[in-house]
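S.K.: Below: sequence and its predicted model.
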Amino acid sequence: MVDRKNIRKNITIKVRGKIIEINTQNLLNNIRIVKEKVKGGTKIFSVIKSNAYGHGIKNIVPLIDEFVDGWCVISLEEALLTRKLSKKEIVILKGTSDKTETKEAAEKKFTIVARDLIDLEQKMKSRVPNLLVKFDTGMGRLGILPDEIDKFEDIVQKYKGKSRIKGIITHFAYSDFGDPNFIKKQNEIFDHISQRVEKFLGKRIIRTISNSAGTLIGDDFHKDIVRPGICIYGISPFGKEKDFSLKPAMSVKSRVLTIKEIPKGWSVGYSRKFIANERTKIAVIDIGYSDGIPRILWEQGFVSINGKRFKIIGVISMDMLCSLCDNSVKPQDEVQIIGDDISIYEVAEKAQTIPYEILCSVGLKT
């Protein structure tokens, strides 16, 4: 149970010149929206892979543990960390990589994904319990193909492993449901596979297909477990025009290292990409591409200092970047890189990427 006295306090983590702030109220707003969308009987397993999309597993799990039914992680390492923070069920989405990992995961009673026929046979042979079998319904990545279902049955039958399979899992090929017809086709394939597997096993199984988009858009895709990821952190998979009142949980800030005035014709940064056409005041800021800031932002990115937006100038360096500024800016002033003034949607668009990548790049690695 979360300490109610502390739940209103934002979490601030400083990593060198980078300051990451987690807005706890925004996070709770997002999980409330998810819970309102999910039909009765469907469980919520929050996706906290890649260190909770850069927000930090240690920060996120204690805050929303009481509001979810379980967790989805990417590795045994993440599962072990999550277990220290929560007693709820943990699914290792990518499965385990070797016998040592498999044995430890099984001993900890984690739910392990069997990612293909070879992996399934290895785990059947080792009598691993609590398996979610992955089927590829169109993502083309992990999973047993629909036309391999006979081989799936043969393997399970060979090792008398029916009791060790708890359910099946698949993954949508569109995080934003960009092709509704293909999403519908995947759902239909998954339903057909579910019926076939249940008939073969002779029991009701757990079925899970929904990502954030499937969780938010309606209960047609909810099945037994939904797996909301990006939406928990306040980012809509459908973009800023359809945000479901989600509120981004992460802000990224830094500080002004120094202010200087450069003369006309003076350059800023490597390769002299910016050359002042007049006497120009600039701020040198304590953050760079080693902190996850996309280097491409020098072309059109902005920062916010004291509520004012200033253009990034010069190529972004490993540990520093520069921006235009005015007389209101002083050394040690706080600089917003991502937040209320500079949205993550804007940063992702100008970096020619997606918010997922920005969060994982600029966020916490450990």
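M.R.: Cool, got the structure. Numbers count the residues shown, from 1 in each chain.
S.K.: For residue 238, the count of nearby residues, please.
M.R.: 18 (other CB atoms under 10 Å). (Glycine included, C-beta is placed from N, CA and C.)
S.K.: Return the residues in contact with it.
M.R.: 176-177, 213, 216 (CB atoms under 8 Å, 6 or more residues apart in numbering).
S.K.: the domain parsing of the protein - what is it?
M.R.: According to automatic domain parsing, the chain is divided into the following domains: 24-233, 250-362.
S.K.: Would you mind stating the distance between the most centrally placed residue in the chain and residue 335?
M.R.: In the chain, the centroid-proximal residue (CA atoms, centre = their mean) is residue 53; its distance is 3.5 Å. Per CB to CB, to the nearest Å, residue 53 is found 23 Å from residue 335.
S.K.: try residue 158
M.R.: Taking CB to CB, one finds residue 158 at 61 Å from residue 335.
S.K.: who has more neighbours, those two?
M.R.: Between residue 158 and residue 335, counting by other CB under 10 Å, residue 335 is the more crowded of the two (26 against 11).
S.K.: Among the contacts of residue 238, which one is most surrounded by other residues?
M.R.: Busiest of these [other CB under 10 Å] is residue 216, holding 24 neighbours.
S.K.: Can you pull the poorly scored residue ranges out of the stretch 201-350 of the chain?
M.R.: Of all residues in the stretch 201-350 of the chain, none has pLDDT under 70.
S.K.: part of a helix, is residue 133?
M.R.: No. Counting by DSSP: H, G, I helix; E, B strand; the rest coil, residue 133 is located in no helix; its state is strand.
S.K.: residues contacting it?
M.R.: Residue 133 touches 113-114, 120, 144, 152, 165, 167-169, 197, counting by CB under 8 Å, 6+ apart.
S.K.: gap between it and residue 308?
M.R.: 54 Å.
S.K.: got it, and residue 107?
M.R.: 56 Å.
S.K.: so where do the helices sit in the stretch 251-366 of the chain?
M.R.: Secondary structure of the stretch 251-366 of the chain by DSSP state H, counting those that start in this stretch: the helices cover 344-350, 355-362.
S.K.: Of all those, which one is nearest residue 235?
M.R.: With CB to CB as the measure, helix 355-362 is the member of the helices of the stretch 251-366 of the chain nearest residue 235 (4.8 Å).
S.K.: Check which helices and strands the closest one is in contact with.
M.R.: In terms of contacts (3 or more CB pairs under 8 Å, 6 or more residues apart in numbering; DSSP states H and E), helix 355-362 is packed against helix 49-53, strand 334-338, helix 344-350.
S.K.: okay, those in CSV with distance to residue 70 next?
M.R.: Conversion of these to CSV gives the following (distance: least, CB to CB, whole Å):
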stretch, distance to residue 70
helix 49-53, 13
strand 334-338, 29
helix 344-350, 27
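S.K.: so who does residue 305 touch?
M.R.: Applying CB under 8 Å, 6+ apart, the residues near residue 305 are 256, 283, 323, 325, 328-329, 333-336.
S.K.: try residue 165
M.R.: 131, 133, 156, 197, 201, 205.
S.K.: Can you tell me the closest non-neighbouring residue to the last one?
M.R.: Which is residue 205. Distance criterion CB to CB, 6 or more residues apart in numbering; nearest residue to residue 205, sequence neighbours excluded, is residue 167 at 4.5 Å.
S.K.: And what about that neighbour, helix, strand or coil?
M.R.: Applying three-state DSSP: residue 167 is strand.
S.K.: Report the separation between it and residue 281.
M.R.: From residue 167 to residue 281 the distance is 61 Å (CB to CB).
S.K.: Comparing those two, which shows the higher neighbour count?
M.R.: residue 167 (22 against 15).
S.K.: Quick check: that one touching residue 130?
M.R.: No. Residue 167 is beyond contact range of residue 130, at 9.6 Å (criterion: CB atoms under 8 Å).
S.K.: Nice, that's everything, thank you.
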